[in-house]
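1. here's a sequence, model it:
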Amino acid sequence: MKTAPLTPYQLEKEIACPNLMVKTRYGNVNLKSIIKGQRIIIYTNPSALIPKTDEDRHKLITALTKLKELNYHLIGFNIDSFEEHLYATNWLNSQLDDYLVFPIFYQPMNDLKRDLEQKLSMRIKIDNPIYFINQKGNTQYIVNGDIQKYKDMDNIVSLASKMVLTNQNFDKVLSLN
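-> Sure, this is the predicted structure:
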């Protein structure tokens, strides 16, 4: 079943991200303990990030570097087959410098989407959502990862940059007078 194309939209701010159990090489870990105090982007189809050309590889590395500069951390939740999960993980580990490698967790049931839908009391009508999580562990934006222009890393970096500016505190009390 194909969903209707959606443009990026902003949910109510400060929707707590579910505390899922994720399997890591260190054992099972609660998602909240991984994302606490950090800006996170959860990409639900990390296999789509694997570049097909050298130019695409350069764009991916540039985008990942910019996200690091913005103090964002990328996490992949692979919702497809386990073989695809292994392929994406192996590609990232072998093709990227260590500081750019990001964790990919296998979530075939898309528990994050299901749990957020329960909290929102509404259906998220996107097959491959991309979540932007703030430093408090709350979901601020969900964009449609099924549409090429929204899942493009340049667009993700641009939205992350806007979120950093939006969350700045410009109170006079904090100025350096």
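
2. and the longest helix for the protein?
-> Across the chain, the longest stretch assigned as helix under DSSP state H is helix 54-69.

3. which ones are touching the residue most central in space within the chain?
-> In the chain, the C-alpha nearest the mean C-alpha coordinate belongs to residue 42, at 2.0 Å (C-alpha atoms, centre = their mean). Taking C-beta atoms under 8 Å, 6 or more residues apart in numbering, we find residue 42 in contact with 75-77, 112, 130-131, 133. For glycine as for every other residue, the C-beta is placed from the backbone atoms N, C-alpha and C.

4. who wins for neighbours among those residues?
-> residue 77 (27 neighbours; other C-beta atoms under 10 Å).

5. which non-adjacent residue is nearest that residue?
-> Leaving aside its chain neighbours, residue 77 sits nearest to residue 107 (4.4 Å; criterion: C-beta to C-beta, 6 or more residues apart in numbering).

6. same question, residue 108
-> With C-beta to C-beta, 6+ apart as the criterion, residue 108 has its nearest non-adjacent residue at 6.1 Å, and that residue is residue 79.

7. and for residue 65?
-> Nearest to residue 65 is residue 100, by C-beta to C-beta, 6+ apart, at 6.9 Å.

8. quick check, pLDDT for that neighbour.
-> With respect to pLDDT, residue 100 has a value of 91.
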